[in-house]
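Colleague: Sequence below, structure please.
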Amino acid sequence: MPRHTTISLQGDETWTQLTAGDATAATFQVINDVYNSGCLIQCTATGTAPTSDDGAIRIFQRDRAINEDLADLFPGLTSPVRLWAKGGAHVRVAVSHA
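Modeller: Now for the predicted structure:
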């Protein structure tokens, strides 16, 4: 299912799903980060949340990926289709995918 929205992260160690179902590519950007702590971005091959930070990338305010193939961002995963984020309070991530 396509998604075009902004998501507020929980501010704890909980992974928040950015995709609304399976996606092969996505655009995302941290658009609000009061404490400049950024957020971790992780991918999975299923709808199950990541169980660790291993392989996650950290992005900060204004960092972005424009229609990036998830397989290019996370080449060590077989068939990555779900995008996740976790970060500090007041972090908002814009995400768009088909």
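Colleague: Isn't residue 37 up against residue 89?
Modeller: No: with contact defined as CB atoms under 8 Å, residue 37 does not count as touching residue 89 (9.1 Å). For the C-beta atoms, the positions are set from N, CA and C on the backbone; glycine is no exception.
Colleague: Who has more neighbours out of the two?
Modeller: Under the criterion of other CB atoms under 10 Å, the comparison of residue 37 against residue 89 puts residue 37 first, with 16 against 12.
Colleague: bridging residues for residue 33?
Modeller: As for beta bridges, residue 33 partners with residue 91 under DSSP bridges.
Colleague: do the same with residue 8
Modeller: Counting by DSSP bridges, residue 8 forms beta bridges with residue 92.
Colleague: Can you show me the strands along the chain?
Modeller: Listed in chain order, the strands of the chain (DSSP state E) span 3-8, 16-17, 25-33, 39-44, 57-59, 64-69, 82-87, 91-97.
Colleague: and the second one, how far from the chain's centre?
Modeller: In terms of CA atoms, centre = their mean, to the nearest Å, the centre of strand 16-17 is set 7 Å apart from its chain centre.
Colleague: Packing partners of it?
Modeller: Secondary-structure packing of strand 16-17 (3 or more CB pairs under 8 Å, 6 or more residues apart in numbering; DSSP states H and E): strand 82-87.
Colleague: Paired strands for the strand it packs on, with orientation please.
Modeller: Applying DSSP bridges, strand 82-87 is found paired with strand 16-17 (antiparallel), strand 39-44 (antiparallel).
Colleague: for the strands of the chain, which one sits closest to residue 51?
Modeller: strand 39-44 (9.2 Å; CB to CB).
Colleague: coming back round to it: so for residue 63, which of the strands paired with strand 82-87 sits nearest?
Modeller: Distance to residue 63, taken as CB to CB, is lowest for strand 39-44 among these, at 9.4 Å.
Colleague: The closest one versus strand 25-33: what angle between them?
Modeller: Angle of strand 39-44 versus strand 25-33, following axes from the mean of the first three to the mean of the last three CA atoms, to 10 degrees, is 160 degrees.
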